[in-house]
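> everything below, folded, please.
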Amino acid sequence: MNSNMKRLLKECFEAPEPEKKQEFIASLPSPDVSIMDFLLSQAAYIPKWIWSLSALIFVVALVGAGYLKKDMLWCVSACMPLLALAPVTESGRSQRWDMAELEMSSRFSLKSVLLARLGILGLADLLLFFLLLPLAWMNGGSSILETGVYMLCPYMLTVLLGLWASRIVHGRECAYLCGAIALGVALGNALLYQTIQGFYARHNFPYWVLAFALLSVGAVKQCIETIKQKEEPVWNLR
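Got it, this is the predicted structure:
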């Protein structure tokens, strides 16, 4: 087929430009939804096991600090990766249940839904962190600032590795891998405390601060890359 014939066929079968496209989209029913209503609706989709796990970790730390009367810093720090497991697994739940395409075509984009759920889980983890912080600080030789950094380092490490894994591996294997990462970081934190003398020594605190800064930057970068990966298709009306 010569080029002239191809051009003529293209002209004959080319779809015309849509007329009054924007007016049609504007005429579609679109009830206003406030940000608070949107966040509450997304909070309802977060699995109950996530809230149960957070409550269980807090109860364990509370019992340990109140009745065992021992240094709870290493124990609470080892539990922090389990808290990070919630937002990490939530970032890949759409792909795991083959719902990503459907959520992409919904009124709210998949990126907006993911940001909302990650924000909710992040705020919940932040609240739980402030509740656990005084429990971990009790009966320990570290300051409240040092205690906070020691707790956040394993959390950020789990977020960094988990989000990276969720972008590489999809499906249910991703959930298993993220769970293994969180468990590995938790056990590693506990073992290092037991085997390395002066693991939480004050003269090592600058290295902890450096590690926290690097892990935070890496976690934020992985979060941005995860959000960018949730691209909308061109046929989404929104």
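> only C-alpha atoms for contact and neighbour calcs from this point on.
OK.
> show me what counts as buried in stretch 158-173.
Thr158, Val159, Leu160, Leu161, Gly162, Leu163, Trp164, Ala165, Ser166, Arg167, Val169, His170 (16 or more other C-alpha atoms under 10 Å).
> what is the least confident helix or strand in this protein?
helix 100-104 (a mean of 53; mean pLDDT, DSSP states H and E).
> the helix or strand following that helix packs against which elements?
Counting by DSSP states H and E, the next helix or strand C-terminal to helix 100-104 is helix 110-137. Other elements packing on helix 110-137 under the criterion 3 or more C-alpha pairs under 8 Å, 6 or more residues apart in numbering; DSSP states H and E are helix 35-43, helix 48-63, helix 73-90, helix 100-104, helix 144-168, helix 205-229.
> let's see that with 7 Å instead.
On a contact count with 3 or more C-alpha pairs under 7 Å, 6 or more residues apart in numbering; DSSP states H and E, helix 110-137 meets helix 35-43, helix 48-63, helix 73-90, helix 144-168.
> returning to what we had before: between the buried residues of stretch 158-173, which sits nearest Val76?
Thr158 (14.6 Å; C-alpha to C-alpha).
> on that earlier part again, compile the buried residues of stretch 158-173 into JSON lines and extend it with columns for pLDDT.
Compiled in JSON lines, the buried residues of stretch 158-173 are given as follows (pLDDT from 0 to 100):
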{"residue": "Thr158", "pLDDT": "92"}
{"residue": "Val159", "pLDDT": "90"}
{"residue": "Leu160", "pLDDT": "92"}
{"residue": "Leu161", "pLDDT": "92"}
{"residue": "Gly162", "pLDDT": "88"}
{"residue": "Leu163", "pLDDT": "87"}
{"residue": "Trp164", "pLDDT": "88"}
{"residue": "Ala165", "pLDDT": "86"}
{"residue": "Ser166", "pLDDT": "82"}
{"residue": "Arg167", "pLDDT": "80"}
{"residue": "Val169", "pLDDT": "78"}
{"residue": "His170", "pLDDT": "71"}
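> list just the nearest of those to His203.
For the buried residues of stretch 158-173, the nearest to His203 is Thr158 (24.9 Å; C-alpha to C-alpha).
> assess the claim that that closest one and Ala84 are in contact.
Yes: counting by C-alpha atoms under 7 Å, Thr158 touches Ala84, with 6.2 Å between them.
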